[in-house]
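1. I would like to see how this sequence folds:
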Amino acid sequence: MPSRTADQPIYDPSNDFLRPMVTTLSRQPKRIVFPSGLDTRVIRVAAELVRTGAVVPILLGPRAEIRALAASLDVNLEFIRVLDPVESSDFSFFCERYRRVEKARHRKVEDPAEVMAKPPYYAAMMVQYGYADGIVGGNEGFPATFFRALMHLIKPQPGFTTASSCLPIRLPQRPDLGFKGTLFLSDCALVPSPTTSQLATSAVLTARAAQLLTGEKPRVAMISFSTRGSARNTSTMKIVAAMELARDQANRLRVQMDIDGELQLDAAIDPESMQRKAPGSILGGHANVLVLPDLNTAHVAFKMLEIAAGAEPYGQLILGLARPACQVSQVAKERTIFGAALCTAMRAMAFRDMVNAEDFR
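-> Residues are numbered from 1 along each chain as shown. Below is the predicted model:
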């Protein structure tokens with residue numbers, strides 16, 4: 001199981017991306033639910049979140065087993081809520097809610113108790129109905145299982161019909177890139193072959209998430225194998241169209257951002273390459289949000305950065321849902337899970353003003 005090394009603490013106060021979040025959240029910590037309460041990484045991260053005062057963790061799973069595992073790790077569970085879905089006081093209420101939702105959707109109702117006993121579904125229900133402020137999961141099992149629970153039980157954000165994702169990823173050795181070394185990549189998790197509209201929406205939602213988490217203006221590059229028409233085919237034309245549509249959406253949603261495309265990666269993040277390939281670009285070779293053309297490209301890019309360049313990802317932030325959620329991989333390190341929890345908690349602070357908090361009708 002991946003974990004931290006002795007000289008790599010879960011939280012490094014010198015991290016310019018996470019440190020401001022800890023400071024902000026310590027004044028108003030948010031409740032983040034972790035469906036995988038028996039994961040040793042999650043238990044350690046929960047203790048660190050309590051130590052920093054940034055998040056109130058909720059661990060789902062068999063209470064006795066989680067407490068025994070924490071004791072074996074020498075982790076104090078004080079101020080960490082441990083909840084067994086089946087034994088919880090809200091289990092019957094959630095089962096009834098699930099039954100009503102399925103009936104309203106004219107779907108065949110599965111056994112509500114069987115569904116709600118699954119931690120990802122119980123956690124999603126907690127977030128949808130305000131029993132937690134955000135969810136971080138997917139670190140045990142296939143990502144699709146976690147995504148299915150989110151899409152099934154958490155309402156879409158008003159005005160959006162599809163979800164996407166973005167990945168904050170920090171390159172400690174390259175503080176000159178992005179937001180002091182942190183880039184936002186989209187979409188690395190959900191939409192395999194995005195349409196023009198989906199690319200545009202992903203660009204705007206990623207820009208909004210980046211601005212929220214950094215406090216700086218997003219500079220969005222629509223990435224392609226072509227720069228400014230150096231190659232012309234249907235794929236590059238789609239990216240140009242998505243860029244124009246994203247600009248219109250950003251104006252309508254009042255998202256302050258700079259955007260350009262289509263651009264090759266070097267033209268987007270290297271000023272010298274930008275000067276040669278796209279002189280006069282509003283980005284100036286300093287893009288901090290990279291919208292990749294499809295899921296294959298995006299996923300390979302972030303894995304390459306993580307493994308070959310020692311970059312530190314902070315989970316797939318799910319965009320387009322009415323509640324904050326984040327997926328972390330089966331091989332995620334504790335620092336990744338910690339950062340994912342902070343990003344999710346920060347988004348929870350903003351969601352009160354961004355979304356409609358009504359229940360399912």
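2. Might you report the residue contacts of the residue nearest the centre of the chain?
-> Nearest residue to the geometric centre of the chain (C-alpha atoms, centre = their mean): L317, 1.1 Å. By C-beta atoms under 8 Å, 6 or more residues apart in numbering, the contact set of L317 is 165-168, 209, 324-326, 340, 343-344, 347. C-beta here means a position set from N, CA and C on the backbone, and glycine is covered the same way.
3. and what of I282?
-> 219, 258-260.
4. What about those residues, which are in strands?
-> 219, 258-260 (DSSP state E).
5. which among the contacts of I282 gets closest to F17?
-> Using C-beta to C-beta, R219 comes nearest to F17 of these, at 16.1 Å.
6. ok, that closest one to P192 distance?
-> 26 Å (C-beta to C-beta, to the nearest Å).
7. can you tell me how far A341 sits from N296?
-> 28 Å.
8. Of the two, give the one with the bigger neighbour count.
-> A341 (30 against 11; other C-beta atoms under 10 Å).
9. rewinding a little: I'd like the contacts of I282 as CSV, with neighbour count and distance to L245 appended.
-> Putting the contacts of I282 into CSV (neighbours: other C-beta atoms under 10 Å; distance: C-beta to C-beta, whole Å) gives the following:
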residue, neighbour count, distance to L245
R219, 25, 18
D258, 20, 16
I259, 25, 10
D260, 23, 14
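10. Break down the stretch 1-150 of the chain into its strands, ranges please.
-> Ranges of strands in the stretch 1-150 of the chain, per DSSP state E, counting those that start in this stretch, are 30-34, 55-60, 81-83, 134-137.
11. Dump those to CSV, plus distance to D90 and mean neighbour count.
-> Below are the strands of the stretch 1-150 of the chain laid out as CSV (distance: least, C-beta to C-beta, whole Å; neighbours: other C-beta atoms under 10 Å):
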stretch, distance to D90, mean neighbour count
strand 30-34, 12, 25
strand 55-60, 12, 25
strand 81-83, 9, 19
strand 134-137, 15, 30
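12. coming back round to it: which among the contacts of L317 gets closest to Y121?
-> For these, the nearest to Y121 is A325 (12.8 Å; C-beta to C-beta).
13. The helix or strand hosting A246: how far from the chain's middle?
-> If you go by DSSP states H and E, A246 is part of helix 234-253. Offset of helix 234-253 from its chain centre (C-alpha atoms, centre = their mean, to the nearest Å): 22 Å.
14. And the strands in the stretch 201-350 of the chain, which stretches?
-> Under DSSP E, counting those that start in this stretch, the stretch 201-350 of the chain gives strands at 219-223, 258-263, 289-291, 312-313, 316-319, 325-327.
15. E110: which of those strands is closest?
-> strand 325-327 (21.8 Å).
16. For the closest one, buried residues please.
-> By neighbour count on 16 or more other C-beta atoms under 10 Å, the buried set for strand 325-327 is 325-327.
17. what residues go with each domain of this structure?
-> Here the domain parsing of the chain from automatic domain parsing is 19-155+323-354, 164-307.
18. State the mean pLDDT of the longest one.
-> Domain 19-155+323-354 comes out with an average pLDDT of 95.
19. Measure how far it is from the centre of its chain, please.
-> That offset, for domain 19-155+323-354, works out to 13 Å (C-alpha atoms, centre = their mean).
20. From A267, how far out is the closest residue to K238 other than its chain neighbours?
-> Computed as C-beta to C-beta, 6 or more residues apart in numbering, the closest residue to K238 that is not its neighbour in sequence is T196, at 5.2 Å. T196 sits 21 Å away from A267, going by C-beta to C-beta.
21. out of these two, which sits in the busier spot?
-> Taking other C-beta under 10 Å, T196 and A267 do not tie; A267 has more neighbours (29 against 17).
22. The more buried one contacts Q275, doesn't it?
-> No - look at A267 against Q275 with C-beta atoms under 8 Å: they stay out of range, at 9.0 Å.
23. anything in contact with each of the two?
-> G285.
24. Next, the contact list for R148, please.
-> Applying C-beta under 8 Å, 6+ apart, the residues contacting R148 are P120.
25. Repeat that for A345.
-> 21, 25, 29-30, 32, 54-55, 133-134, 324.
26. list the buried ones in stretch 120-137?
-> Result for stretch 120-137 [16+ other C-beta under 10 Å]: buried residues 120-129, 131-137.
27. Quick one: neighbours of T52, just the number.
-> 20.
28. Show the contacting residues for the nearest residue to it once chain neighbours are set aside.
-> The shortest distance from T52 to any non-neighbouring residue, by C-beta to C-beta, 6+ apart, is to V22 (5.1 Å). Contacts for V22 were tallied using C-beta under 8 Å, 6+ apart; they are 11, 13, 52-54, 342.
29. tally of neighbours for E102?
-> 16.
30. rewinding a little: just the buried residues of strand 325-327 now: which is nearest A301?
-> Q327 (17.0 Å).
31. what about the helices in the stretch 51-200 of the chain?
-> 63-72, 91-104, 112-116, 119-128, 143-153, 196-214 (DSSP state H, counting those that start in this stretch).
32. Convert the C-alpha atoms of the shortest one to CSV, please.
-> Read it as helix 112-116. This file holds the C-alpha atoms of helix 112-116, laid out as CSV (Å, rounded to 0.1, in the frame of the first residue of the first chain):
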residue,chain,number,x,y,z
PRO,A,112,-32.8,0.3,-0.7
ALA,A,113,-31.1,-1.3,2.2
GLU,A,114,-28.7,-3.2,0.0
VAL,A,115,-27.8,0.0,-1.9
MET,A,116,-27.4,2.2,1.2
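33. Show me what that helix packs onto, helices and strands only.
-> Under the contact definition 3 or more C-beta pairs under 8 Å, 6 or more residues apart in numbering; DSSP states H and E, helix 112-116 sits against helix 91-104, helix 119-128.
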